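Colleague: need a 3D model of the following:
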Amino acid sequence: MSEKIAFIGLGNMGLPMAANLLKAGHDVTGFDLAPNAKMLAETAGLKFAVSAARAVAGASIVITMLPMGKHVLSVWGEIVAELAAGTLIIDSSTIDVESARKAHELGARHDLLTLDAPVSGGTMGAQGATLTFMAGGAEAAFLRAQPVLAQMGKRAVHCGGPGAGQAAKICNNMILGISMAGVAEAFVLGEKLGLSHQALFDVASTSSGQCWALTTNCPVPGPVPASPANREYRPGFATALMLKDLKLSQEAALAAGAASPMGAQAAALYALFEKQGHGGDDFSAIINFFRGITT
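Modeller: Have a look, this model is predicted:
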């Protein structure tokens, strides 16, 4: 069934996600504050509105993909009064759990169906419609969202009530940040011990060291041709975004009273790497930090 969809936030993730909805036959109108957003949206075939409020006019589904919780709450605060009761509003940003819950509360006051549904899969997943969605909210909202989520990704998991999607995302990415640091550290040790990258990969990828950071996003060129290491660490998933998610995990750990020493260490490593000027590099480039390469 074709839907009238508003997509607010047409960045590196939002634009290809919106384009996939257009390819699926939906009527999609986008909005973003970036100076070149209108040009990029129209190049992708999307209609572009002059404001968020205009974008959502008549929409049956609204999707937001924004940088931080304060941006989500600001945009939702602007648009909820413009939406008819029962409209589905999905936030696919990665934000703090508390802001996600506040967004759900805002939607509930206007009788909207709401879902926090952050994604995993990076820009390649957004382009190829292979994202995984981690959803939090009412069962009715998730069921309403499933057909549209399936047109932007390969899997959607209902993780629980409001904020549960964000909780799952930051826990998942804390695992990813920790494991990538470990994989990178091991490859540097292997280099110093005279192991070839391929030899270490062949062993670790088929034994107890196997993990996504190794087999999909391998931090050295060669063993995994599609990994960013083969294109000078162009993201992918940028270091700055990994640091953002690790900081969110540590804020959540502090608030929940959970011990998170490995997450804290990974956050500190990525903070130092970003400070060296590598925020725009793929997060797997952290291997150069362990090599002592600072430029």
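Colleague: which element is the residue of the chain most remote from its centre on?
Modeller: Within the chain, the residue lying farthest from the chain centre (Cα atoms, centre = their mean) is Gly194, at 36.5 Å. Gly194 belongs to no helix or strand when assigned by DSSP states H and E.
Colleague: just Ser2 next, same as before
Modeller: Going by DSSP H and E, Ser2 is not in any helix or strand.
Colleague: for it, what are phi and psi?
Modeller: phi -80, psi 140 (degrees, to the nearest 10).
Colleague: over to the one 5 residues further on?
Modeller: When read as degrees, to the nearest 10, the backbone of Phe7 gives phi -120, psi 110.
Colleague: mind telling me what element the nearest residue to it once chain neighbours are set aside is part of?
Modeller: Once flanking residues are discounted, Phe7 sits nearest to Ala18: 4.0 Å by Cβ to Cβ, 6 or more residues apart in numbering. To be clear about C-beta, it is placed using only N, CA and C from the backbone, and glycine gets the same treatment. Using DSSP H and E, Ala18 sits within helix 14-23.
Colleague: and whatever helix or strand comes next after that helix, what does it pack onto?
Modeller: Per DSSP H and E, the first helix or strand lying C-terminal to helix 14-23 is strand 27-31. Applying 3 or more Cβ pairs under 8 Å, 6 or more residues apart in numbering; DSSP states H and E, one finds that strand 27-31 contacts strand 4-8, helix 14-23, helix 37-43, strand 47-48, helix 52-55.
Colleague: again, 10 Å this time
Modeller: strand 4-8, helix 14-23, helix 37-43, strand 47-48, helix 52-55, strand 61-64 (3 or more Cβ pairs under 10 Å, 6 or more residues apart in numbering; DSSP states H and E).
Colleague: can I get the ones you listed in a markdown table with mean neighbour count?
Modeller: Converted to a markdown table, the helices and strands packed on strand 27-31 look like this (neighbours: other Cβ atoms under 10 Å):
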| stretch | mean neighbour count |
| --- | --- |
| strand 4-8 | 26 |
| helix 14-23 | 22 |
| helix 37-43 | 16 |
| strand 47-48 | 16 |
| helix 52-55 | 19 |
| strand 61-64 | 26 |
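Colleague: among the ones you listed, which is nearest Arg231?
Modeller: Checking the helices and strands packed on strand 27-31 against Arg231 by Cβ to Cβ gives helix 14-23 as the closest, at 17.9 Å.
Colleague: distance between the ends of stretch 206-213?
Modeller: Start-to-end span of stretch 206-213 (Cα to Cα, to the nearest Å) is 14 Å.
Colleague: and it, which residues are buried?
Modeller: Buried residues in stretch 206-213, counting neighbours by 16 or more other Cβ atoms under 10 Å, are found at Gly209, Cys211, Ala213.
Colleague: pick the one among those residues closest to Ala181.
Modeller: Ala213 (8.6 Å).
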